[in-house]
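>>> take a look and give me a structure for this.
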Amino acid sequence: MTVLEVASAHTDPAALSELSARAASTAPLRHCDELGQLGLPRRGLLALAAIAASSLASGDRFARADDPAAELPAATSAPGPATLSEYSNTQQRYRLMVPAAWDVKGKAGADVLFEDPARRSTSVGVTVNPVKVSSIEQFGGLDDVGAKLLNAERSKESTLDVSLVSSATRTGATGATLYEYEYELDSTRGRKRILNTVTIFNSKLYILNAAFKCEKDSCGGAEVQAGVALLRKVAGTFDVLA
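This is a model prediction of the structure:
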């Protein structure tokens, strides 16, 4: 399992379970050559390979609303039908805005996981892991990382089809570069729209992953479009802290 499979492992419990099992039985050094093809310096290979093998298998680091390092202030109004509130983890140094009504969950491999209580298949999760490189650019370019991300999805036995919807780069308040990807995944578990935001800052790899389960045949319905629009808004607020 590569670190990009961790990035593309949406918060569907079956997918997380599958990747966790694979992580426990896969040697970390196996994918060093593959990671190297992304332009990652040799000094970062061992760290990222180790992350790929262990991050989903270990469940000892969950940020919760009652965690002193994780602050969830009162809800603040935001444009659109959903009311968003700020979630800030001062220990892991990141923040984002999430729907105030969503539940905060613990999940193996996730620093924090938010779920829509009315639609449990809709979720946003964040993972944080230490690395030895200082920026996402050292990991690879936007197109290179995006291609690797989709290839990781295609390699899964459950995948029927995957297609990139969009990709973009933005700069956070601290100057960190964030890569953003949106893609449609059709699998034996159903069709989903997946959003990933990936960055490296202060030698930490941050991955936000958001998922919305679509209708059986398409992601074009009005309800799906509204749900995905909300996830785009949430993903757009994700940033690292100085």
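>>> my guess is residue 200 meets residue 179, correct?
No: Residue 200 lies out of contact with residue 179 (CB atoms under 8 Å); the separation is 9.8 Å. Where C-beta positions appear, they are placed from N, C-alpha and C, glycine not excepted.
>>> now the helices for the protein?
For the chain, helices defined by DSSP state H occupy the ranges 3-8, 13-24, 32-36, 42-54, 136-139, 142-154, 222-237.
>>> now the terminal residues of stretch 235-242, how far apart.
19 Å (CA to CA, to the nearest Å).
>>> quick one: contacts of that stretch?
84, 88, 90, 93-97, 124, 126, 172-174, 176, 178, 180, 195, 197, 199, 201-202, 204, 206, 208, 210 (CB atoms under 8 Å, 6 or more residues apart in numbering).
>>> and that stretch, which residues are buried?
The neighbour-count check on stretch 235-242 (16 or more other CB atoms under 10 Å) flags 235-241 as buried.
>>> do the same with stretch 128-136
Under the neighbour-count criterion of 16+ other CB under 10 Å, stretch 128-136 has 128-129, 131-133, 136 buried.
>>> those strands in this protein, which residues are they?
Assigned by DSSP state E, the chain shows strands spanning 70-71, 84-89, 94-99, 103-105, 112-116, 119-130, 159-171, 177-187, 190-201, 204-213, 239-240.
>>> quick one: strands adjacent to the last one?
Strand 239-240 has its sheet partners listed here by DSSP bridges as strand 94-99 (antiparallel).
>>> now the partner strand against strand 112-116, angle please.
Per axes from the mean of the first three to the mean of the last three CA atoms, to 10 degrees, the angle that strand 94-99 makes with strand 112-116 is 10 degrees.
>>> between helix 222-237 and strand 94-99, find me the angle.
Counting by the same axes, to 10 degrees, strand 94-99 lies at 150 degrees to helix 222-237.
>>> what is the mean pLDDT for strand 94-99?
When pLDDT is averaged over strand 94-99, the result is 98.
>>> try stretch 209-224
Stretch 209-224 comes out at a mean pLDDT of 91.
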